[in-house]
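A.B. asks: Sharing a sequence plus its predicted fold:
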Amino acid sequence: MTASQIVTKAKEIHKNVITLDTHCDINIKNFTDSINYTQDLNSQITLPKMEKGGLDVAWFIVYTGQDSLNADGFKKAHKIAMSKFDAIHRLVDTIAPDQIALAKNSSEVRNIHKSGKKVAMIGIENGYPIGNDISNVKKFYDLGARYMSLSHNGHSQLCDSNTGEANDIWLHNGLSDLGKEVIKEMNKWGMMIDVSHPSKESMRQMIKLSKAPIIASHSSARALCDHSRNLDDEQLQWLKDNGGVVQTVAFTSYLNTEKFEKRVVKEVEIGKQIADSMGVTWLEREEVMKLSTEEKETYYDFLGKMAAIRRAKVKKMKDLPPAVDVEDFVNHIDYMVEKIGIDHVGISSDFDGGGGIEGWSDASETFNVTLELVKRGYTEEQIEKLWSGNLLRVLDEVQKIAEDLQKS
């Protein structure tokens with residue numbers, strides 16, 4: 001096919017399939033009467049950007065940073081989680097009910113999409129806000145959450161995090177006893193288990209314990225980029241055997257180490273200049289991890305604003321080292337499809353949480369992913385599986401197993 005024929009074919013496929021992104025972080029300040037997703041904000045996800053890029057389904061994330069494992073920490077985390085649930089419900093119920101609706105299962109996804117509206121879904125990043133109260137699993141499920149990771153950056157009360165690899169210090173050697181109960185509870189209610197941040201040993205134990213397939217909501221292939229947030233070949237095989245799906249993530253440092261490291265030096269330099277102009281002290285990752293939950297939220301708020309300014313600046317700059325791009329991203333899809341099969345791979349961005357690459361820097365550029373897949377010879381049926389079919393299949397299976405467990 002000629003270049004123009006490829007574009008025409010890609011446009012047709014992009015229109016035909018349901019495009020679903022499993023990981024889009026949110027800032028509750030973007031869910032008010034005066035500032036919200038109906039406007040074209042600086043955030044990577046907004047309704048106008050979804051419309052322009054043809055992104056149909058966004059999983060909005062109830063994320064809470066890791067803090068102290070005590071009653072005070074759990075209480076603060078729960079409050080933050082609830083504020084994010086409230087924000088998402090405000091968007092679909094009050095701010096833009098004519099443009100977007102919340103889906104809790106695959107048939108609702110398809111029906112909402114057919115009606116012409118965008119689809120919101122909810123995932124939880126870090127089970128920390130559950131505290132020691134297992135009834136919060138059902139509470140969060142009833143609020144619409146359909147997946148949850150049991151940890152983030154740092155060990156939670158439920159399981160060890162991938163971050164333990166850095167110093168080989170572990171808290172539970174996998175799952176805690178409470179974490180094991182939470183896995184059973186998630187199975188019971190139909191909430192997918194997300195292994196994108198937990199440690200490898202945590203993942204092994206989750207798969208052994210879970211009666212339902214699992215997902216990695218935003219991870220790529222460790223064989224191509226040696227980062228503890230990615231899945232190695234053994235983990236990919238576990239995931240395949242379990243019937244789950246790995247949602248390839250468009251996050252620069254998880255895709256191409258060499259390109260990322262050359263580019264990041266310049267981007268950090270620009271970021272520091274922007275921070276200085278905003279009167280904010282630039283913090284290294286280790287310093288951010290030491291902040292309290294509230295301080296982290298404030299700093300992440302700054303990072304979001306800074307990143308938007310930097311993206312605009314970088315677009316006008318020449319002579320920068322090459323950026324990690326859509327080709328690097330689809331290399332990971334290719335690798336994992338070859339390794340574990342087309343039925344076990346999906347797509348995620350981690351927008352507004354550090355994600356975004358050259359060519360898919362925000363939701364308005366979503367089509368470029370489909371275009372690259374078409375260039376590489378993927379069929380419409382295969383592209384449909386990658387964009388949404390595989391993830392929705394797992395959700396269906398998890399919910400069916402939950403129904404059976406509730407009956408028994």
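C.D. replies: Nice, I can see it.

A.B. asks: all contacts plus neighbour counts: C-alpha atoms, from now on.
C.D. replies: Noted.

A.B. asks: which residues sit against whatever helix or strand residue 273 lives in?
C.D. replies: For residue 273, the host element (DSSP states H and E) is helix 257-277. Counting by CA atoms under 8 Å, 6 or more residues apart in numbering, the neighbours of helix 257-277 from elsewhere in the structure are 225-226, 252-253, 281-282, 306-307, 309-310, 320-324.

A.B. asks: switch to 7 Å and redo it
C.D. replies: The contact list for helix 257-277, computed with CA atoms under 7 Å, 6 or more residues apart in numbering, reads 225, 252, 253, 281, 282, 306, 310, 321, 322, 323, 324.

A.B. asks: isn't residue 69 right next to residue 157, touching?
C.D. replies: Yes: taking CA atoms under 7 Å as the definition, residue 69 is a contact partner of residue 157 at 6.4 Å.

A.B. asks: of the contacts of helix 257-277, buried ones?
C.D. replies: For the contacts of helix 257-277, a burial check counting by 16 or more other CA atoms under 10 Å picks out 225, 252, 253, 282, 306, 310, 323, 324.

A.B. asks: mind putting these in a markdown table, pLDDT, distance to residue 79 and secondary structure included?
C.D. replies: Formatted as a markdown table, the buried ones among the contacts of helix 257-277 follow (pLDDT from 0 to 100; distance: CA to CA, whole Å; DSSP: H, G, I helix; E, B strand; the rest coil):
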| residue | pLDDT | distance to residue 79 | secondary structure |
| --- | --- | --- | --- |
| 225 | 97 | 36 | coil |
| 252 | 96 | 31 | helix |
| 253 | 95 | 31 | helix |
| 282 | 95 | 27 | coil |
| 306 | 91 | 26 | helix |
| 310 | 90 | 31 | helix |
| 323 | 93 | 38 | coil |
| 324 | 96 | 36 | coil |
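
A.B. asks: Quick one: the contacts of helix 257-277 as TSV, columns for distance to residue 245 too.
C.D. replies: Shown next, in TSV, are the contacts of helix 257-277 (distance: CA to CA, whole Å):
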residue	distance to residue 245
225	19
252	21
253	21
281	39
282	36
306	33
310	33
321	33
322	30
323	27
324	24
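
A.B. asks: which two in these are spaced the farthest apart?
C.D. replies: 225 and 281 (30.3 Å; CA to CA).

A.B. asks: Report the distance from the helix or strand bottoming out on mean pLDDT in the chain to the chain centre.
C.D. replies: When each helix and strand of the chain is scored by mean pLDDT, DSSP states H and E, helix 285-289 comes last, with a mean of 84. In terms of CA atoms, centre = their mean, to the nearest Å, the centre of helix 285-289 is found 21 Å from the chain centre.

A.B. asks: Tell me where the stretch 1-150 of the chain has helices.
C.D. replies: Per DSSP state H, counting those that start in this stretch, the stretch 1-150 of the chain carries helices over the ranges 3-16, 47-53, 71-90, 106-114, 135-142.

A.B. asks: Those: which one's closest to residue 391?
C.D. replies: Across the helices of the stretch 1-150 of the chain, closest to residue 391 is helix 106-114 (CA to CA), at 9.3 Å.

A.B. asks: quick one: buried residues of the closest one?
C.D. replies: Using 16+ other CA under 10 Å as the test for burial, helix 106-114 gives 106, 109, 112, 113.

A.B. asks: Format the residues you listed as TSV; extra columns: distance to residue 407 and pLDDT.
C.D. replies: Compiled in TSV, those are given as follows (distance: CA to CA, whole Å; pLDDT from 0 to 100):
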residue	distance to residue 407	pLDDT
106	21	98
109	25	98
112	29	98
113	31	98
